Structure formats: C-alpha cells, structure tokens
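S.K.: Any chance you can model this:
(2 chains)
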Amino acid sequence: MRQKGTLGWLKHDITNRGVTAWLLTIFLLAFYLFLYYGGRQFGSFYVPDVFTAVANLLFLPDKWKLYGLIYTLAVTFGGIHVIRKYRHNNYQIIRTLVVIFVQATFAFSIPWILTLFEQPEYYFSYLWPLEISYFYPQNILYMPLPFILYSLLGALLMVPVLGFFFGKRWYCSWVCGCGGLANTAGEPFRHLTSKSSAAWKFEKWAIHITLGFALFTTALVVASYGVTSYGQGDYAKFAETAASVQSLYGFIVVTMLSGIIGVVLYPIGGTRTWCRNFCPMAAMLGLIQKFGRFRIRVKKDMCISCGLCTKYCEMGIDVRAYAQKNQDFTRASCVGCGICAEVCPRGVLRLENVWRKDPQELTMQGLLDQTYKA
Amino acid sequence: MHYVIIGNGIAGASAAFEIRKRHRSKNIRITLISDESDYFFSRTALMYAYMDRLSREDLEPYERKVYDRQAIERIRDRVVDLDANAQFLQLASGDTLNYDRLLIATGAKPRQAAFQLSGNQPEGIVNFVSLQDLDECERLTWSTQQAVVIGGGLIGIELVESLLHHKIDVTFLVREPYFWPMSLHAEEGELISEHIRSHGVDLRHNEQITQLATDANGRISAVSTDQNNQFSCQMLGICIGVQANIDWLKNVQTPPEISRGLLVNRSFQTSLPNVFAAGDCTEITLDSGKTLLETIWYSAKLHGELAARAMMGDTIHYRPPIFYNSSKFFDVEYTTVGDVIDVPAHARALYRKAPGKLITQRITYTDDQVIGFNMLGSRWDHTVLQRWIAERRSIDFVRQHLHEAQFDVEFGRAKLHSMDEIEVEL
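M.R.: Model (predicted):
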C-alpha cells in the first residue's frame, strides 16, 4: 500500500506502523481474544467459540491443538522466508532450521504423541520460570519421574550452564517458541522495537519485576502445597492467598503478557515485546549472560555508523553506539539472533563465546551522554 | 575560547566531540555550521535510506539530545566569507560569527561530467552524495521506469542497487574495461561485473555518454553513447567521483593556499593562522613534499579527531596508517588492506579463488614481505592483516596463518583449504 507521489511513499505501510499495520494488530488481538475467551459468557455478551468449531472441522482434539498447528505453520513458513532471505549466512540457516525443528517436535507433536501413550502433555522446550507450572508441585509431582527430573534439573542446571557457555541465545533464539515466532513470522517487523532510552529503562524495571513476581509466586505455591496437605485455620487462609496470587500471575503474565500482548504488538511495537520486557526466563538468562562467555566483538575502526545494526536489533539495543566506539560488549537483553552481524555492510560485528573479558566502558549513563538514540 | 567547525560530516562531527571530550566546561564554545543538515548523519548509509531500510533519522549516529547535553551549538547556514586576520566568518543569511580556532571540514562534492559543463542541466540528473541528492532521487523515483548511471566506483554501484530495489531498469555505463580498476585487478573486477549483471543490471564497460536528450518538460529522456547506443531514461545518475569542496574559498577575503584540495601540513594547519582543515577537503603535504588526498570515511574520522587535538594545542604529526577500506558490492563484501594496485615493479601476488563461489583473496608481496590484501566475498579482521604488513611477515607465514584473520559468522567460515591458488606477476 504505497501512495505514489506522496512524501515518504517509498515506505511500506505495513512494516512502518501504517494503517495496514494497525489493522493487522486489531486482527491479531481479535484472534487471541477469541482463542482465549471463546465459549465464555461475559455478562450478556457471549464470545463465540470459533476455534473449537474449526478444530472439530479439522478433526483436531481441541482448540489448543489447532493453535499449536497454526503456530507451527507460522514458524515453518516464516522460517523458510528467513532462510531464503539470509541464505548466504550459515548461522541464520542453522539457527532457523533448529527453531523450526524444535517448534514442530518439542513444542507441538511430541506433547501430543505423549498424550496418545497416556503420558502427560509435556513440553521439553519450555522450562521454569517461563513455564512456571513446571515448578508447581500439584502439576509436576503427578508426572512420571523422568519428567520431574527434567523439570528440576533442566531449569536449575541445564539453563544456567548453557547460558554461561553460550549466552542466553541458546535458549532465546534457538529453542524458545516465543523467540522462534519472533525470528520467523515476525521477521518483517523486527526493526520496530523502540531504541529509546526510555524503553531501555522500562525494560530494566519491568523484566526484573516480572522475574521477582515469578520467583515469589513459585515460592508461595510451593509453600502452600505443603500446608494445604496438612494445615487448617490460618494455613487454609494462606493457601487461599497463594492460590489467588497464582491465578493473578497466570492472568497477567501468562495470558496477557506472554500469550496476547507478545504477538499482538508485532506490527506496531516490534517482535520481542514479551521477551524484552517481561519474560522471567530472559531476565534470568540475561543476568547469567553478563557473567558468561558470550559477547559481540567489534572490529576496530571499521564501523561507518550507518545504523543498520541498531535499526534491526529486535531487543532495542543501540548496537551502533558500541560499534562506532570500537567497544566489544555483552548486554543482558541480547538474545544473540545475529542479525546485527548479518546486516552490517562492513562485517564489523561477530558473535563469540570466549573467556576474554573486556571492560565495558559504555554503561547506560555513558550511552545517554553520547550516542543513545531517543 | 570558541571553536567553529564548518561542515558537520564525519570529520567535523568527530572534531566537535573530540574537543568536548577534553573541555567539559561550557565556557569553551563549540559551533558546527552546515547548510546540508541540522544533525550529523552517516553519509555512507544514504543508500539504505533510499532503499527504505533506514529512515532519515536512523541515519544520525548521535541522538539529537546529545548536542544540547554536550553543548555543541549548531547553525544551519552557509559560510560565504572568511577573514582570517579578524577571525571572522560571514554567513549567507547575513549573520556573522567570530572564532578563536576554525576547522574547515567541507568535504567533497561530486565531479561533473563533461556534458554537464555546457550548461545543459535537464531535470532528472542526480548525484548521490548529499541529503538533498537523496531528496531529489526520492522525488524522481516514482516517475522513473528506466535510469542510466555512469561511473564505475562505490557510489555508482550503490545508486544502481538502490534504483534496482525500486524496480527501475538500470543501464550502468562504466568507462573502464572492468569494475573499479582503481582498487581491483582484472580478475576480481570482472567477477564483480558479472555479479552486477546477475542482478539484472545492463552493465556496459568501455562506454561513455556523448549526448543527452530531453522531453518537452525539460526532463531527461535518453542518452546517446560513443558506442552509438541510445538508452531512454528518466533519471541519470552521475557518480564519476568526487573532488574537494573548496571552490568557495577562492574568493574570500583571506584565501588559504589550495591546490587539488585545501593544503594542510601534518598538523592539519592551513596557510592561515588558527585555521585548520580535515577530511575529504584537505590535501596533506607530507615530509617528502608529496601530497596526499584521502577521501574515505575512515581517514576523515581520524583527521577530525587529530585536527581537533591540534586545535587544542597538541603536537600532531599525521602519519597515514596502513591503508584499509571496506565496501559491499550488492551481496559481496570487500576488504582491502595495504598496497594492492600501486605496487613496486617486482611485486607478485597470490590469487586464491573458491571454486564456484565469489570468494577471492589476493595477497601482494615482494621478495621478503607481504604488502597488501584484496579480499572479496568473506569477512576479514583488517587489524590482523595490517599487523602482518607492519611486522613485515613473509608470504609463507601469511599463507599459513591466513585463517587467523577470518571474521566470518559462526558456522560460516570460508573454507580456505579448498580454494584454487595461483601465483601471478603484477
């Protein structure tokens, strides 16, 4: 939808927050509202259960299988587009193939197959605290032992160790479904992430508050599990409080922020709104990444300050500020998608896992004083 | 103390920030004058703005607030007169300005083609160097189906790529027999020519424009060439190089010495007291008496920083670093270090090419040491290559350690061991 002869006509409307972008956002919002609230009665208003109807037509067991199928198709076709677009870049090809594979298996077909064998519907690609219920005793303790062990050791051992060696990218842009959708179907919108310093400040607060909320909720639910089994009186009240905190977390974080907002805002707010600002898993991995081996190396004196790296960073990092100052860096939010290195026309940037620790001169204040875009 | 800088390109802006880095006091005034743009922008990224990959504001490497925070004053105006005795500038708007130290960083401007000098300037002729050129290109794009671009260098190929992005049929006329002989040897030049053609460009070597035709509205409609071809076009891009933007200094009250560029010594001082110059507008006189015109981004950035230090009283003796540059021709990245074209008579080269891929390396060397690198299609850490030249490493050493300078993405390292290798005389 480009209007010849008008100012800025060279821009694509849908990828530049134009009318079509807003329409797409409204469509996505409707999609998710029907998905989550279809078949429910709100006062006198009944939300038609469109998804269940379509699922039945397709002989799928329920609407969530239908959603999983749509999601997997979006990741697959988006991924094919991304592989074609970056066909000369092996990192992008391999990473995207892994993302598609993980989505199609661990996040879609394997849990389904498990249920056919009367096993729990378990998603190996999701771990606590992103999948917070895998630490809720009432869910996990009724699973077979291997699932219990994987839930605990995966979250407490595998995640930090891999994070230390490879940065948060091993999860956020190789395994996770949220990141997977962002990096495939969301590709055309990645540049819309705000690069402002205000957005950075918001991110720092929001993501750590959400992490705190997740830890607090988990602790409360675990503690109350013990007391609901044995307690009475005040204990029952405590268990009630824990249950209401659990459902509050479920509504705000799981449904609203990760389920709805995360994808609905693609066309106007960029692809990683959830990952950047709220995901407790990303917050934890980010802290580990700061002390780990992952970093982005900057080739000295080769940057031409063009700004493509900053523009196409889906996490809103002003990469150019580091590149033009010859500053190797590790930012907690960086998911290591590698697009900054890909779009750089002078090959200035490279993702690395190394032991060498360089002092990182540019703090937030340092950036604000010099180069940060607002 | 008032530092005034004419030109807010990479040289001027680097100088301004360099001065402010040392003098935090707001009593030290710094003023940037430009009639091109309100804020410093990355000229090398113009093509990405034209291709809708960046907005105008994305081109600015520094946040707009930074200028206030750093107390760098900006004036959008053109300097028309300079009196070095009174330390005084006259601006086109009628305003005047006094300075204590002046830096001239007015950069370069596009060279004109012979057929332009006749005064015949139809609408549709564009350059691709300034923000105003970008505006003009964008204005013309929607009414253009065919375009002709002349000049086989970096700006030419950037303009061709941008036009192609907008689905315009492009005829690319290059006077030389292969692409960019100034920096590439025939083998690589021909590979790049082939690569350009593979993107659907009608690239023609050894061909120049002789005549222009215009339509009833005074817009360019076709060009004729010395090969008796006629190409219809609604846009004509002139990308035949740049020259120092110094003509404006010829008629000022105290003209500085100029030659091909504004002459400066190794401390970036012009012939006028308290007047310095940096970047693409300068011609630097070296100790040998030879003069040096450097017109790339990296040298301008370095000039700006060093000139700023010279203005603040540091002793500066500029010695050009071992030359390096980089570019990208459509999908092919290019890194060059040292001397590859302009080499001693007895120099030889090792030319390596990946079978079936556009990945090449050319390493030039003399009897005892490596002197230059031309690398296409894969990424290299130029600092390692520079160090090998500085350390006077032998060709055998370099060939053995070449992988240490690779800078490709993970899983994407160019396979050096499976390349064809030949030795060539130069």
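
S.K.: can you tell me the residue of the stretch 151-300 of chain B closest to chain A?
M.R.: Residue of the stretch 151-300 of chain B nearest chain A, by CB to the nearest CB: B:Trp297 (5.2 Å). Glycine gets a C-beta too; all of them are placed from N, C-alpha and C.

S.K.: Quick check, that residue in contact with A:Ile304.
M.R.: Yes - between B:Trp297 and A:Ile304 there is a contact at 5.2 Å, judged by CB atoms under 8 Å.

S.K.: And the strands in chain A, which stretches?
M.R.: Using DSSP state E, the strands of chain A run over residues A:41-42, A:45-46, A:294-298, A:349-353.

S.K.: Let me know which of these is tucked in deepest.
M.R.: With neighbours taken as mean count of other CB atoms under 10 Å in any protein chain shown, the strands of chain A reach their highest mean count in strand A:294-298, at a mean of 22.

S.K.: got the CA coordinates for that one in PDB?
M.R.: Presented in PDB, the C-alpha positions along strand A:294-298 are these (Å, rounded to 0.1, in the frame of the first residue of the first chain):
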ATOM      1  CA  PHE A 294      29.000 -14.700  25.200                       C
ATOM      2  CA  ARG A 295      29.800 -11.300  23.700                       C
ATOM      3  CA  ILE A 296      29.600  -9.300  20.500                       C
ATOM      4  CA  ARG A 297      33.000  -8.500  19.200                       C
ATOM      5  CA  VAL A 298      33.600  -5.200  17.300                       C
END
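
S.K.: Packing partners of that strand?
M.R.: Applying 3 or more CB pairs under 8 Å, 6 or more residues apart in numbering or on different chains; DSSP states H and E, one finds that strand A:294-298 contacts helix A:319-323, strand A:349-353.

S.K.: For the last one, list the C-alpha coordinates in CSV.
M.R.: Taking Å, rounded to 0.1, in the frame of the first residue of the first chain, the C-alpha atoms of strand A:349-353 are listed here in CSV:
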residue,chain,number,x,y,z
LEU,A,349,30.3,-7.4,14.3
ARG,A,350,30.7,-11.0,15.3
LEU,A,351,29.0,-13.1,18.0
GLU,A,352,31.5,-15.1,20.0
ASN,A,353,31.9,-17.3,23.1
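
S.K.: ok and the residue in the stretch 151-300 of chain A nearest chain B?
M.R.: A:Lys300 (5.2 Å).

S.K.: again, but for the stretch 201-350 of chain A
M.R.: For the stretch 201-350 of chain A, CB to the nearest CB, closest residue to chain B: A:Cys306, 3.4 Å.

S.K.: is it true that that residue touches B:Leu54?
M.R.: Yes - using CB under 8 Å, A:Cys306 is in contact with B:Leu54, at 7.4 Å.

S.K.: Those two - which one has more neighbours?
M.R.: A:Cys306 (31 against 22; other CB atoms under 10 Å in any protein chain shown).

S.K.: Now the more buried one: closest residue in space, sequence neighbours ignored.
M.R.: Of all residues not flanking A:Cys306 in the chain, B:Ala45 sits nearest, at 3.4 Å (CB to CB, 6 or more residues apart in numbering or on different chains).

S.K.: Tell me the secondary structure at that neighbour.
M.R.: helix (DSSP: H, G, I helix; E, B strand; the rest coil).

S.K.: Contact partners for it?
M.R.: A:Ile304, A:Ser305, A:Cys306, A:Gly307, A:Leu308, B:Leu54, B:Asp58, B:Leu59 (CB atoms under 8 Å, 6 or more residues apart in numbering or on different chains).
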